[in-house]
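Trainee: need a 3D model of the following:
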Amino acid sequence: METKQTKTTETAIAYEPVLATGLCRLVRIGWADAIENLEGWHTEKEALEWAADDDWIVHQVGWVLKETNDYILLSNKYNEASGGRDGTFGGLFKIPKPWIKYCNEV
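Mentor: Numbering: from 1, shown residues only. So this is what the prediction gives:
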């Protein structure tokens with residue numbers, strides 16, 4: 001199996017049939033997304049009440065393709081071999097670790 005050099009100390013895993021090898025975990029992940037309030041001006045009290053809401057957490061399901069100390073690479077779509085290519089992944093999300101609130105295997 002071939003590995004590639006990366007800037008961090010992790011070891012990269014070859015992508016070849018990553019789902020078939022069981023290297024990918026199917027997870028439900030919750031992560032904090034940045035949001036903006038476009039409704040105009042607010043008092044300090046209104047701003048603090050708006051910020052206290054937890055509607056900025058994104059809940060998502062996908063396969064973990066790679067995990068480092070800095071981020072998780074998640075895919076929410078997988079297509080088995082087609083068009084002469086190996087399986088392909090879509091809906092890629094690179095989520096910074098500090099943004100992640102929970103990550104549970106499905």
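
Trainee: give me the nearest residue to Tyr102, chain neighbours excluded.
Mentor: Counting by CB to CB, 6 or more residues apart in numbering, Gly30 is the residue found nearest to Tyr102 once chain neighbours are left out, at 4.7 Å. For glycine as for every other residue, the C-beta is placed from the backbone atoms N, C-alpha and C.

Trainee: tell me the secondary structure for that neighbour?
Mentor: Under DSSP: H, G, I helix; E, B strand; the rest coil, Gly30 falls in the strand class.

Trainee: right, and it touches Trp56 too?
Mentor: No. Gly30 lies out of contact with Trp56 (CB atoms under 8 Å); the separation is 10.6 Å.

Trainee: residues touching Gly30, list them.
Mentor: Contact analysis of Gly30 by CB atoms under 8 Å, 6 or more residues apart in numbering lists 57-60, 100-103.

Trainee: tell me the buried residues within the residues you listed.
Mentor: Cys103 (16 or more other CB atoms under 10 Å).

Trainee: confirm Trp50 sits in a helix?
Mentor: Yes. With three-state DSSP as the criterion, Trp50 is located in a helix.

Trainee: that one contacts His42, doesn't it?
Mentor: Yes. Between Trp50 and His42 there is a contact at 6.8 Å, judged by CB under 8 Å.

Trainee: kindly state the beta-bridge partners for Val27.
Mentor: Beta-bridge pairing of Val27 under DSSP bridges involves Gly62, Glu105.
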